[in-house]
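Enquirer: Sequence and predicted model, in that order:
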Amino acid sequence: MKNSKLLILWLTVIAISACESDTVEENQEVQQKEVSEETLGKLKNMGFNTEIIPVFKDGDGVIVEGDIYISNKELTNPNISKQKYFRLISCKNSKNIKIKNSLGDNVAGKAFDAAVKRWNSVNGSFLKLKVVKKDPDINIRLADKNELKPRNNSVTYGQGTFPKNGKAGDLIKLKLDAKHSSINNGKKLTQKQWVNVITHEIGHNIGFAHIKEPSSTAILVPGTPKFDKKSIMRTYTNDIVGLSGLTENDKKATKRLYSNQANKICK
């Protein structure tokens, strides 16, 4: 459980995806059909890897690194390359984040409490999630049939939202019937595996992005090392479904963001 790399990015939407391997050449061919060189250049300036995983158009924006949504409005911002700033919950709001389980009586719904407990159990952090039945800061629900659709060789299991204006990201969506050949021999996720997916998505909603498998120019939580193969914030679902929770470095990053220590980052 060495080395963790947790990142905080500008406001974007995150989902977990499981992807089969493709060659860089194949991915670039897909990109050329959908996304302009200008857009790819802007995404690279923002710190994204646009070569390993193809970039796709999606509604009024693009999907980058398999599972991150960037709006066209963001891409036209003249200061886009300078937008590597922290998007966090305020210190005050992080102490009482209301979260609602709207998943229903299923394996994901039954995994909810265990995922919440993981974040609430980080010793030395004042980050707290409070389960509520109404007026949540974060609502976690099942995706509609037209949401989180498979795309080429990728399957999306969940999607979260980054914090905005000092408040937690307001929505998490899960695709309960998602299946991928690289996980469980193509069968659906178990309750234990959904605990990891939900833990990961909550991580996005409190300000963490994916660790980067190769190198990246995105911002690190200060004081955290570069990589942890057991971090709950790894990019691909097949890398996290078998994990046992937050690593010590995941916890260290959480305390650096949300705690009473003098060098905390939240404001």
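Expert: Arrived safely.
Enquirer: contacts, neighbours, all on C-alpha from now
Expert: Will do.
Enquirer: hey, where'd the helices end up in this protein?
Expert: Ranges of helices within the chain are 24-34, 37-45, 72-75, 91-94, 107-120, 191-205, 237-240, 248-257, based on DSSP state H.
Enquirer: How far away from the center of its chain is the last one?
Expert: Pointing back at helix 248-257 there. 16 Å (CA atoms, centre = their mean, to the nearest Å).
Enquirer: those strands in the stretch 1-150 of the chain, which residues are they?
Expert: For the stretch 1-150 of the chain, applying DSSP state E, counting those that start in this stretch gives strands covering 13-19, 56-58, 61-64, 68-71, 97-102, 129-131, 138-142.
Enquirer: Just the pLDDT for the nearest residue to residue 246 once chain neighbours are set aside.
Expert: Of all residues not flanking residue 246 in the chain, residue 232 sits nearest, at 5.8 Å (CA to CA, 6 or more residues apart in numbering). pLDDT recorded at residue 232 is 95.
Enquirer: Wait, residue 232 touches residue 201, no?
Expert: No - using CA atoms under 8 Å, residue 232 makes no contact with residue 201, being 9.5 Å away.
Enquirer: For stretch 90-98, the averaged confidence score.
Expert: pLDDT averaged over stretch 90-98 gives 98.
Enquirer: Return the set of buried residues in that stretch.
Expert: For stretch 90-98, a neighbour-count test (16 or more other CA atoms under 10 Å) marks 90, 91, 93, 94, 95, 97, 98 as buried.
Enquirer: Out of these, which is nearest to residue 179?
Expert: residue 98 (30.1 Å; CA to CA).
Enquirer: In contact with the closest one, which residues?
Expert: Counting by CA atoms under 8 Å, 6 or more residues apart in numbering, residue 98 touches 129, 130, 131, 132, 135, 136, 137, 138.
Enquirer: One more pass at 7 Å, please.
Expert: 129, 130, 131, 132, 136, 137, 138 (CA atoms under 7 Å, 6 or more residues apart in numbering).
Enquirer: filter those to the buried ones?
Expert: By 16+ other CA under 10 Å, the contacts of residue 98 give 129, 131, 136, 137, 138 as buried.
Enquirer: In terms of distance to residue 257, which of the residues you listed ranks first?
Expert: Using CA to CA, the buried ones among the contacts of residue 98 come closest to residue 257 at residue 129, 15.1 Å.
Enquirer: Point out where the stretch 101-250 of the chain drops to low pLDDT.
Expert: 152, 212-219 (pLDDT under 70).
Enquirer: at 80 instead, please
Expert: Segments of the stretch 101-250 of the chain classed as low confidence (criterion: pLDDT under 80) are 151-154, 162, 209-220, 225-226.
Enquirer: still on that earlier bit, quick one: contacts for the residue nearest to residue 246?
Expert: 200, 240, 245, 246 are the contacts of residue 232 under CA under 7 Å, 6+ apart.
Enquirer: Check residue 136 too.
Expert: 98, 99, 100.
Enquirer: quick one: which of those is nearest to residue 117?
Expert: residue 99 (12.0 Å).
Enquirer: Please report the distance of the closest one from residue 267.
Expert: Per CA to CA, to the nearest Å, residue 99 is found 21 Å from residue 267.
Enquirer: Repeat that for residue 56.
Expert: For residue 56, the distance to residue 267 - CA to CA - is 35 Å.
Enquirer: Mind putting the contacts of residue 232 into TSV with neighbour count and distance to residue 111?
Expert: TSV is the format used below for these (neighbours: other CA atoms under 10 Å; distance: CA to CA, whole Å):
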residue	neighbour count	distance to residue 111
200	30	12
240	23	15
245	20	13
246	22	15
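Enquirer: Thanks a lot, see you next time.
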